[in-house]
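Trainee: please find the sequence and the predicted model below.
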Amino acid sequence: MTSNNILSKFYPAFREGSIILAVALFIAVVFNLIRPSGINMFGFSSAALIKEQQAIIPEISLWEAYSLYLKNKVIFIDARDPLSFEDGHINGAINIYPDEASFHASSLKVKADQGFIFITYCDGPQCPLSKETAHELILRGIPTVKILVNGWGIWLKAGYPISKGKK
Amino acid sequence: MKLRNSPRPFIPLFALICRLTLAIIFFYAGVEKIIHPQEFAVAIHNYQLLPDCVINLLAIFLPWLEVLIAASLVSGIYRRGASLLSAFLFLIFATALTINLVRGLDISCGCFGASSGNINWFYLARDLSLFCMSVFVLIYDRGWRYFFA
């Protein structure tokens, strides 16, 4: 089979593929323009991303966290695994493991716009999960995220309100 | 449904199964990325193969291309073009994976949006298998008409 024969055999596939490419590009651009959470088509900045990743996340003391809790201005984010969360967690906390941050980002943005502060915690002074979840949330545009180091342990020790179960 | 009096009647049937499998994979992968374009942009950036100016555009465009390929493969409309694009995409993915596996980067695959695991040699084998399936569909698929005409 000559190269001309091969080309003529696959010509319909090339033509159809080009049409699919053009339609996909058109839909993608229009959809991105009209969706509320659309992104800037040429606005990706690796420098800004690295800066965000290296940002130091502020810590918060137990007393400050509890004051905000009493004023109902805070959302606690339990970064531990779901089983530990069900065993017991800070009253009103939501369970967001670092990998799951993207699934909660849009709902948390709405809460952030309402003036809520987010405090991540896990268990133990060396536990990395609260930091990882906080990083993931900041990367997804959630402002005012703070970390309560060894949060579960010190909250429990202080005798502050806790809940059990999935909520 | 009938299988025509062909010397190898199961080849078109196998091609149909491959076509539908590819469609499911593309649909799932595309929808996940459409929901979270920013995460997909970060995943593309992590591969360290493209300049910043094209990353967001690709993060917007590629998921819709995958969904359209899935729609074409299921419906049979422009199925040859869709299978050609499918083969091309899997070849590109496999190349990008190989480069970063050789570099030793420990990054998220980004294959199915935010919920993907980190790249490894299994993912490369999977991509190459899907590439072979795409080529098989391109050559042997006869469309729905073959079964229902």
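Mentor: Here it is on my side, so go on. Numbering: from 1, shown residues only, chains lettered A, B, ... in the order given.

Trainee: now do the contacts for A:Ala28.
Mentor: For A:Ala28, the contacting residues are B:Ile60, B:Phe61, B:Pro63, B:Trp64, B:Leu65, by Cβ atoms under 8 Å, 6 or more residues apart in numbering or on different chains. All C-beta spots, glycine's among them, are computed from the backbone N, C-alpha and C.

Trainee: pLDDT wise, what is it at?
Mentor: Looking at A:Ala28, its pLDDT is 96.

Trainee: distance between the host helix or strand of it and the chain's centre?
Mentor: Under the criterion of DSSP states H and E, A:Ala28 resides in helix A:3-34. With Cα atoms, centre = their mean, to the nearest Å as the basis, helix A:3-34 stands 35 Å off its chain's centre.

Trainee: before we move on, what about stretch B:90-102?
Mentor: Here the centre of stretch B:90-102 is set off from its chain's centre by 13 Å, with Cα atoms, centre = their mean.

Trainee: and A:Val110, how far from A:Asn91?
Mentor: As judged by Cβ to Cβ, to the nearest Å, A:Val110 and A:Asn91 stand 21 Å apart.

Trainee: what about those two, which has more around it?
Mentor: A side-by-side neighbour count of A:Val110 and A:Asn91, using other Cβ atoms under 10 Å in any protein chain shown, places A:Asn91 first with 13 against 9.

Trainee: just list the residues touching that one, thanks.
Mentor: Counted by Cβ under 8 Å, 6+ apart, A:Asn91 has contacts A:Tyr160, A:Pro161, A:Ile162, A:Ser163.

Trainee: the third one bridge partners, please.
Mentor: This means A:Ile162. Assessed by DSSP bridges, A:Ile162 has beta-bridge partners A:Ile90.

Trainee: what distance do you get for it to chain B?
Mentor: Separation of A:Ile162 from chain B (Cβ to the nearest Cβ, to the nearest Å) stands at 30 Å.

Trainee: near that residue, how many other residues are there?
Mentor: Quick note: A:Ile162 (other Cβ under 10 Å) scores 14 neighbours.

Trainee: how about stretch A:136-144: buried residues?
Mentor: By neighbour count with 16 or more other Cβ atoms under 10 Å in any protein chain shown, stretch A:136-144 contains the buried residues A:Glu136, A:Leu137, A:Ile138, A:Leu139, A:Arg140, A:Ile142.

Trainee: I misspoke; the intended subject was stretch B:125-136.
Mentor: Across stretch B:125-136, burial judged by 16+ other Cβ under 10 Å covers B:Arg126, B:Asp127, B:Leu128, B:Leu130, B:Phe131, B:Met133, B:Ser134, B:Val135, B:Phe136.

Trainee: ok, which of the buried residues of stretch A:136-144 also contact chain B?
Mentor: A:Leu139, A:Arg140 (Cβ under 8 Å from any Cβ of the partner chain).

Trainee: quick one: what helix or strand has A:Asn36 in it?
Mentor: No Asn there; residue A:36 is Pro. With DSSP H and E as criterion, A:Pro36 is part of no helix or strand.

Trainee: that one and chain B, how far apart?
Mentor: Counting by Cβ to the nearest Cβ, the gap from A:Pro36 to chain B is 12 Å.

Trainee: list phi and psi for that residue.
Mentor: Phi and psi for A:Pro36, reported as degrees, to the nearest 10, are phi -60, psi -30.

Trainee: what do you get for A:Val74?
Mentor: phi -130, psi 150.

Trainee: ok so, going back, now, which of the contacts of A:Asn91 sits nearest chain B?
Mentor: A:Ser163 (27.4 Å; Cβ to the nearest Cβ).

Trainee: low pLDDT regions in the chain?
Mentor: Just so you know, I chose chain A. Scanning chain A with the threshold set as pLDDT under 70 gives A:1-3, A:5-6, A:9, A:52-54.

Trainee: nope, chain B please
Mentor: Checking chain B against pLDDT under 70 turns up B:1-8, B:114-115, B:149.
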